[in-house]
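Visitor: What shape does this take:
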Amino acid sequence: MIAETVCSAVSAAGLGIAAVTAYRKRFLAATRIAAYSLVPIGLVMTGVVGWLADTAFSPTAWAGFGLLGCAWVLFATTRGVERRRGGTRKERRAAARAAQGDAVAPAASAPSLGPATRPADRPATRPADRPAARPAKGTSRGEDDFSDIEAILKKHGI
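Guide: Sure thing, here's the model as predicted:
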């Protein structure tokens, strides 16, 4: 009885606030406030509030919630351990069998960009073979930044 009265008062207050908000020409906010304020009275009318009030004072219901929480903790713990170990027992056995078959290290894969686009007559130069280029006196820092970027692009053949 008290819960229904409180929910009705909360809904009425929310609808009043929505009306004031709509008067201030904030219709989107007023509609949202009205929607939130209708929830408590809707819960009373559907009987959810009565069910919750009966459940809140039932020791059997609280014991049931405790068991549900315990089950959830157990599920979460086993899932975390399974992830840390690398899967289920079947998956670990299959991985161990595959590792025994691959005793030799696999060959290196080809680069993802494909073969080099450099002509065959020009040898590849490494950055250590080239002397470091210093900016000339009188150049601004902005030009120095672009020269760094240009050197990186040339290094990658772009």
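
Visitor: what ranges do the helices span in this structure?
Guide: In the chain, the helices defined using DSSP state H lie at 2-23, 27-46, 48-56, 59-85, 89-101, 141-155.

Visitor: Turn those into a markdown table, columns for mean pLDDT and mean neighbour count.
Guide: Placement of C-beta: from N, CA and C, glycine included. Listed next are these as a markdown table, based on pLDDT from 0 to 100; neighbours: other CB atoms under 10 Å:
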| stretch | mean pLDDT | mean neighbour count |
| --- | --- | --- |
| helix 2-23 | 93 | 14 |
| helix 27-46 | 92 | 15 |
| helix 48-56 | 84 | 13 |
| helix 59-85 | 87 | 10 |
| helix 89-101 | 77 | 10 |
| helix 141-155 | 79 | 10 |
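
Visitor: outside of stretch 11-29, which residues touch it?
Guide: A30, T31, I33, A34, Y36, S37, L38, V39, P40, I41 (CB atoms under 8 Å, 6 or more residues apart in numbering).

Visitor: Rebuild those residues as CSV, extending it with distance to R97.
Guide: Putting the contacts of stretch 11-29 into CSV (distance: CB to CB, whole Å) gives the following:
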residue, distance to R97
A30, 66
T31, 62
I33, 62
A34, 63
Y36, 58
S37, 63
L38, 61
V39, 56
P40, 60
I41, 63
